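Just a sequence and a predicted model for now, questions to come.
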Protein chains: 2
Amino acid sequence: MRTPICDLLGIDAPIFAFTHCRDVVVEVSKAGGFGVLGLVGFPPERIKEELDWIDARIGDKPYGIDIVIPQKYEGMDADMEPAQLEAMLQSMVPQGHRDFAARLLREHGTPEWPAGEPDMGLLGWTEATARPMLEEALRHPKVRLVANALGTPPQEVIDEIHASGRLVAALCGKVKQGIRHKEAGVDIVIAQGGEGGGHCGEIGSIVLWPQMVDALAPTPVLAAGGVGNGRQVAAALALGCAGVWTGSLWLTVTEADNEPAQKEDLLRATSEDTVRSRAWTGKPCRMIRNDWTEAWEQPENPKPLGMPLQGLVSADAIRRTHRYAGVADTQKVLFNPCGQVIGQIKQIESSKDVVYRLIDEYADAVGRLEALSSEA
Amino acid sequence: MRTPICDLLGIDAPIFAFTHCRDVVVEVSKAGGFGVLGLVGFPPERIKEELDWIDARIGDKPYGIDIVIPQKYEGMDADMEPAQLEAMLQSMVPQGHRDFAARLLREHGTPEWPAGEPDMGLLGWTEATARPMLEEALRHPKVRLVANALGTPPQEVIDEIHASGRLVAALCGKVKQGIRHKEAGVDIVIAQGGEGGGHCGEIGSIVLWPQMVDALAPTPVLAAGGVGNGRQVAAALALGCAGVWTGSLWLTVTEADNEPAQKEDLLRATSEDTVRSRAWTGKPCRMIRNDWTEAWEQPENPKPLGMPLQGLVSADAIRRTHRYAGVADTQKVLFNPCGQVIGQIKQIESSKDVVYRLIDEYADAVGRLEALSSEA
């Protein structure tokens, strides 16, 4: 399944793995794919440690990082240092929202965060907080790609990445956003269908992918949203995509550092168990439906704020539910972003085996198509 | 692109065209695909005329019909004749709903229906009204397939169709519905992704199709929701589907009897212009977003009723907006069901050319995949 993007990045198969787990990045890149570490959620001081860890284990393979600089967010026009910006944003969060979030966790028996550990703060969902992450990443030569998860990166960010000899990718869910990415100089556009996990739009992958390919040619388009097996990779390539960008696939692998209770939740989920909700980040984000997502939908309860304010409301819940997934009823209020494709993922595999499985299944699918053609 | 379903039905290409226009049925079947006439919307006395017309022109080619017997609807347990059932259901519709619908059309300058023409009534959205359509269809030997658009057909309906030597197909948007279809004896399951036009679920095609194929094998699965070009056909077959079930593609063809104003609306639409709304039929149905769909979403306005009650509210609006699409602002309250794939359809083609285009584009897509494989 070699496509021109393989030569561009020096990889064997155009399988991009978005993950928050450094082990997965290493294993996927070593298996011939391309691991991408999502930096949102890491305190800035952890970034160097994570990337050093990857550098020491990945050999001569390349990898990428993913940051979040939204196109629009509260406070984006304020010319402030991160600490100042955060203080301003924190002051904008109604106490009723904080109390409601705290109550949901208390009612589900989720333990408090151990005293003394640093606050997660803005979670990197602003340019001010993403910028230091980027600076650190650009000090690591094996980082060959920087992806922005929401919106077109600011021009100076694109220029800085290009000047360092790296490629820029950006996600989007609408063709007009893809055109904006391309015009700004983005090298690889990731077209994510509405069935995808995390922040997503409403256009289905089967419709979005080929339209994006046609609108942006010859800029390579990666297919995101709904890829969990090699047949889906074949479909993406048949539609003209240069490769696939996958996320849900890596949540349950052996190397993923999610708690066993969270993995069980994901392995049990059907494709109907996800919902597109603003309840965690403030922007529509696909995740497992549970008590938290339902609670923020009820008319009598507070409405989710925008990004990044809702992230300030939920930051404590994100870290606590992630760490204490198996304790009391925490599983029912877990922040558990994933795509509809989660319904296909029924067992724990190693990251390497997943890459090889996709390649094998892809070959089978193409072989089957060839056989159909020859009968015609 | 021959698949086993081609031999089952005696067709050249597994391209199924759902349409309300008899001309399209004839042209698609004659071009090697399989035309399917949607009978909902025709007064029962018109069915014979439509099918006779097709029979006289289609030569020795087969075709299908599509009826709607929902799994659940108001009045389904009432043991009544159609006229009696309709009277009961009509009495359940609040006058405020009727007035609101009438006002919307008046405000958009839509002319009244000419006096003396028969009422559209229940639109065939019940077993009682679908049954006479089926009986008529079974008197036409070139009808080789009966599809049910909502839910598993009642057992006696399946048995009757089988006893006549025909095949039964049924649509669905969830794997568990597909399993129910198969267990009831449905021969061909049509898996429709949430991006599809008309009544649809929420699971994206790229995720739904392969899951349905795996759950139902060896029962053939047709891919619906998002198929508008041959690359999408290749994707569907790569995912294991036996063929494609298309609808939006045929709304704008030369032979489609939609008013020019409606065709213009459809040709202009992007994939972001559709919405999944209960405002016309009572069940979630994807269509072009316009003043009608928006009006039924406003909190101060009446809420859509269930099926088939909302259909009684909208029946007059369906026929009037269809006939008078270009008059005054009627276009803004048009009943215009279509899928997200409508954003790809930018010109009027003949039905035959569409079939041939899909076949050519399919061959190109498979050829491109083969070329990628040989470089590996």
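Received the coordinates, thanks. Numbers count the residues shown, from 1 in each chain, chains lettered A, B, ... in the order given.

how many neighbours does the spatially closest residue to A:Gly306 that is not a sequence neighbour have?
Leaving aside its sequence neighbours, A:Gly306 sits nearest to A:Gly282 (CB to CB, 6 or more residues apart in numbering or on different chains; 4.6 Å). Where you see a C-beta, it was placed from the backbone N, CA and C, and this is true even at glycine. Look at A:Gly282: counted by other CB atoms under 10 Å in any protein chain shown, it has 23 neighbours.

again with A:Glu183
Neighbour count of A:Glu183, defined by other CB under 10 Å: 10.

Name the SS class of the residue of the stretch 1-150 of chain A found nearest chain B, please.
Relative to chain B, the nearest point of the stretch 1-150 of chain A is A:Arg2 (5.1 Å; CB to the nearest CB). Following DSSP: H, G, I helix; E, B strand; the rest coil, A:Arg2 is assigned to coil.

ok, now the one 10 residues further on?
Of the three states, A:Asp12 takes coil according to three-state DSSP.

pLDDT at it, what is it?
With respect to pLDDT, A:Asp12 has a value of 97.

now A:Ala149
Value for A:Ala149, per-residue pLDDT: 88.

How many residues are close by the closest residue to it other than its chain neighbours?
Leaving aside its sequence neighbours, A:Ala149 sits nearest to A:Val68 (CB to CB, 6+ apart; 4.6 Å). Neighbourhood size, A:Val68 [other CB under 10 Å]: 30.

Was I right to think A:Val68 contacts A:Ala147?
No. Taking CB atoms under 8 Å as the definition, A:Val68 is not a contact partner of A:Ala147, at 9.7 Å.

what about the stretch 151-300 of chain A, any weak spots by pLDDT?
Counting by pLDDT under 70, the stretch 151-300 of chain A shows no low-confidence range.

Quick check: residues of it near chain B?
By CB under 8 Å from any CB of the partner chain, the part of the stretch 151-300 of chain A that sits against chain B consists of A:174-175, A:193-195, A:202-208, A:210-211, A:225-229, A:231-232, A:234-240, A:270-272.

Drop anything exposed from those residues.
Neighbour-count burial (16 or more other CB atoms under 10 Å in any protein chain shown) is assigned, among those, to A:174-175, A:193-195, A:202-208, A:210-211, A:225-229, A:231-232, A:234-240, A:271-272.

Do a quick rundown of the helices in chain A.
Assigned by DSSP state H, the helices in chain A fall at A:4-9, A:22-30, A:44-57, A:82-91, A:95-107, A:127-137, A:155-163, A:175-184, A:205-216, A:230-238, A:260-268, A:291-295, A:309-323, A:351-375.

With respect to burial, which of the ones you listed scores highest?
Comparing the helices of chain A by mean neighbour count (mean count of other CB atoms under 10 Å in any protein chain shown), helix A:230-238 comes out on top with a mean of 29.

residues in contact with the nearest residue to A:Leu251 once chain neighbours are set aside?
Counting by CB to CB, 6+ apart, A:Leu251 lies nearest to A:Leu266, which is 5.4 Å off, once chain neighbours are set aside. By CB atoms under 8 Å, 6 or more residues apart in numbering or on different chains, A:Leu266 lies in contact with A:Ser248, A:Leu251, A:Thr252, A:Asn258, A:Ile288, A:Asn336, A:Cys338, A:Ile342, A:Ile345.

try 10 Å this time
Applying CB atoms under 10 Å, 6 or more residues apart in numbering or on different chains to A:Leu266 gives the contacts A:248, A:251-252, A:256, A:258, A:273, A:288, A:334, A:336, A:338, A:342, A:345-346, A:348.

and it, how far is that from chain B?
15 Å (CB to the nearest CB, to the nearest Å).

I'd like to know how many residues surround the closest residue to A:Trp296 other than its chain neighbours.
Distances taken as CB to CB, 6+ apart place A:Ala279 nearest to A:Trp296, at 3.7 Å, with adjacent residues excluded. A total of 25 residues lie near A:Ala279 under the criterion other CB under 10 Å.

Could I get the contacting residues of A:Ala279?
By CB under 10 Å, 6+ apart, the contact set of A:Ala279 is A:101, A:285, A:287, A:290, A:292-297, A:301, A:303-304, A:310, A:313-314, A:317, A:335.

A:Met92 now?
Taking CB under 10 Å, 6+ apart, one finds A:Glu74, A:Gly75, A:Leu305, A:Gly306, A:Leu309, A:Leu312 in contact with A:Met92.

Look up the pLDDT of it for me, please.
94.

picking up where we left off before, can you tell me which of the contacts of A:Leu266 is nearest A:Gln90?
In terms of CB to CB, no member of those lies closer to A:Gln90 than A:Leu334, at 24.2 Å.

Distance of that closest one relative to A:Met133?
For A:Leu334, the distance to A:Met133 equals 25 Å [CB to CB, to the nearest Å].

With A:Gly204 instead?
A:Gly204 is 32 Å from A:Met133, by CB to CB.

Now do the nearest residue to A:Gln310 once chain neighbours are set aside against chain B, distance only.
Spatial nearest neighbour of A:Gln310, chain neighbours left out: A:Gly282 (3.3 Å); criterion: CB to CB, 6+ apart. The gap separating A:Gly282 from chain B is 21 Å, by CB to the nearest CB.

A:Gly282: what's it in contact with?
A:70, A:73-74, A:125, A:199, A:304-314.

7 Å instead, please
For A:Gly282, the contact set (CB atoms under 7 Å, 6 or more residues apart in numbering or on different chains) comprises A:Pro304, A:Leu305, A:Gly306, A:Met307, A:Pro308, A:Leu309, A:Gln310, A:Gly311.

Next, give phi and psi for it.
phi 100, psi -20 (degrees, to the nearest 10).

re earlier: got a PyMOL select line for the buried ones in the contacts of A:Leu266?
Selection of buried members from the contacts of A:Leu266 for PyMOL, criterion 16+ other CB under 10 Å:
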select buried, chain A and resi 248+251+252+256+258+273+288+334+336+338+342+345+348
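
List just the nearest of the contacts of A:Leu266 to chain B.
Nearest to chain B out of these is A:Ile342 (CB to the nearest CB; 9.1 Å).

Hmm, that closest one is touching A:Ser248, no?
Yes. Look at A:Ile342 against A:Ser248 with CB atoms under 7 Å: they come within range, at 5.0 Å.

Which residue is it, in the stretch 201-350 of chain A, that comes closest to chain B?
Chain B sits closest to A:Gly204 of the stretch 201-350 of chain A, with a gap of 3.2 Å, by CB to the nearest CB.

Would you confirm that that residue contacts B:Val207?
No. Using CB under 7 Å, A:Gly204 makes no contact with B:Val207, being 9.2 Å away.

Give me the common contacts of the two.
With CB under 7 Å, 6+ apart as the test, A:Gly204 and B:Val207 both reach A:Glu195.

Of the contacts of A:Gly282, which pair is most distant in space?
So, the contacts of A:Gly282 by CB to CB: farthest apart are A:Pro304 and A:Pro308, at 12.0 Å.

So the two - more neighbours on which side?
The residue with more neighbours, out of A:Pro304 and A:Pro308, is A:Pro308; 28 against 22, by other CB under 10 Å.

I'd like to know how far the more buried one sits from A:Val93.
For A:Pro308 relative to A:Val93 (CB to CB), the value is 10 Å.

ok so, going back, mind checking which of the helices of chain A is nearest B:Pro154?
Between the helices of chain A, helix A:205-216 lies closest to B:Pro154; by CB to CB that is 31.8 Å.

tell me which strands and helices that closest one is in contact with?
helix A:175-184, strand A:188-192, strand A:221-224, helix B:205-216, helix B:230-238 (3 or more CB pairs under 7 Å, 6 or more residues apart in numbering or on different chains; DSSP states H and E).

Turn the ones you listed into TSV, including distance to A:Glu45.
Formatted as TSV, the helices and strands packed on helix A:205-216 follow (distance: least, CB to CB, whole Å):
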stretch	distance to A:Glu45
helix A:175-184	30
strand A:188-192	28
strand A:221-224	30
helix B:205-216	38
helix B:230-238	44
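
To B:Gly10, which of those lies closest?
With CB to CB as the criterion, B:Gly10 lies closest to helix B:230-238 of the helices and strands packed on helix A:205-216, at 19.4 Å.

Report the angle between that closest one and helix A:351-375.
110 degrees (axes from the mean of the first three to the mean of the last three CA atoms, to 10 degrees).
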